[in-house]
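Q: sequence below, structure please.
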Amino acid sequence: MILLEKSPYLQVEHLLNEANIHYPLLLSILDGDVAGRVLVDQEMPTAALVVSDYRWVYYLGNESNLSFVTEAVDFLKEDDGPLIWFGISQVLKQACHSFRAVVFLDYPRIRYLFNESAFTLPEPSVFMDAEAQISPINCANIDAAMEFSPSFHQFWNGPERFLERGFGFVMMRQRMIVSQVIAASVARGEVEVNIETIESCRGNGYASRLCYTFVQTCLDKGLLPKWDCMTENEPSKALARRLGFEELETYPVAVMQF
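A: Below you'll find the model as predicted:
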């Protein structure tokens, strides 16, 4: 097993394919927008384990190299906390069970495909709260935006990296952020959408209003918006449909506890 030195991790580009390239944040780790590590089986890799500093895990390549799987997971076990494994197969689960007592908690996710022809900006009158105003995230409010969303740090290596490569919007009401949408990643012409709203302010259309603005900005920039959510997240699924996203596939995600 070899721990690669630094991003961009070009050595594993040939292991990307249609089945794995769409996993959330994978490309951001490989491109260096998100801090992480890449373990490979040999100098000319046939398999790789990619893990972010927040322990999001992705396996690329040959799944029959069980010795590499066990060695890599043993290496990761030295850190505290569970692993969130995107796209984990039954083969990999069995490999992990065979050498260590582990528990997998399954949280499957839905991957969506954006249909631009189904995206229509609603009339402004649809949004009734005149006190709520949209502002782009910039140098003046980036600290407040990062404080609003703890997950911000999972997506970007600091505010400078986000301001350089990402974009997003906040919904302000009475000088307070009540909802926020950001590019969780911008990679290879695609943008992952991350939307959050204060629980007490949900149901007022803030997320919808922000996301319409965000998706239109993606299109203006020539970027393709990406939507991905847990199968049980009904509000997210409903919002995706309103924005013109169509369900493409369900894929496995599991929390691996040692």
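
Q: any idea how far residue 197 is from residue 171?
A: 8 Å (CB to CB, to the nearest Å). Bear in mind the C-beta positions are built from the backbone N, C-alpha and C, glycine included.

Q: ah, wrong one, I meant residue 118
A: Counting by CB to CB, the gap between residue 118 and residue 171 amounts to 24 Å.

Q: likewise residue 235?
A: For residue 235 relative to residue 171 (CB to CB), the value is 16 Å.

Q: next one: residue 77
A: Counting by CB to CB, the gap from residue 77 to residue 171 is 41 Å.

Q: out of those two, which sits in the busier spot?
A: residue 171 (26 against 14; other CB atoms under 10 Å).

Q: report pLDDT for that one.
A: pLDDT, the model's per-residue confidence, is 94 for residue 171.

Q: that one contacts residue 195, doesn't it?
A: No. Assessed by CB atoms under 8 Å, residue 171 is found out of contact with residue 195, at 10.2 Å.

Q: can you pull the residues that touch both of the two?
A: 179, 180, 210 (CB atoms under 8 Å, 6 or more residues apart in numbering).

Q: among these, which lie within helices?
A: residue 210 (DSSP state H).

Q: can you give me the helices for the chain?
A: 26-31, 66-77, 90-99, 142-148, 152-155, 159-165, 206-220, 234-243.

Q: dump these into CSV; add mean pLDDT and distance to residue 57 as well.
A: Converted to CSV, the helices of the chain look like this (pLDDT from 0 to 100; distance: least, CB to CB, whole Å):
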stretch, mean pLDDT, distance to residue 57
helix 26-31, 93, 10
helix 66-77, 87, 7
helix 90-99, 84, 10
helix 142-148, 95, 24
helix 152-155, 90, 13
helix 159-165, 94, 22
helix 206-220, 94, 27
helix 234-243, 94, 22
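
Q: tell me which of those sits most buried.
A: helix 26-31 (a mean of 23; mean count of other CB atoms under 10 Å).

Q: residues in contact with that one: which ones?
A: 7-9, 12-13, 20-21, 34-36, 38, 50-52, 56, 58, 86, 155, 184-185, 187-188.

Q: tell me the buried residues in the lengthiest strand in the chain?
A: Ordering each strand of the chain by length in residues (DSSP state E) puts strand 176-187 first. Buried positions in strand 176-187, judged by neighbour count with 16 or more other CB atoms under 10 Å: 177, 178, 179, 180, 181, 182, 183, 184, 185, 186, 187.

Q: likewise for stretch 1-13?
A: So, applying 16+ other CB under 10 Å, buried residues of stretch 1-13: 1, 4, 7, 9, 11, 12.

Q: between the two ends of it, what distance do you get?
A: 18 Å (CA to CA, to the nearest Å).

Q: still on that earlier bit, tell me what the longest strand of the chain is packed against?
A: The contact analysis (3 or more CB pairs under 8 Å, 6 or more residues apart in numbering; DSSP states H and E) places strand 176-187 against helix 26-31, helix 142-148, helix 152-155, strand 168-173, strand 190-197, helix 206-220.

Q: what is in contact with residue 197 and residue 171 at once?
A: What both residue 197 and residue 171 touch, as defined by CB under 8 Å, 6+ apart, is the set 178, 179, 180, 206.

Q: which residues are contacting stretch 44-56?
A: 9, 11-12, 15, 24-26, 29-30, 34-41, 57-63, 65, 68-69, 72-73, 76, 79, 81-84, 86, 153-154.
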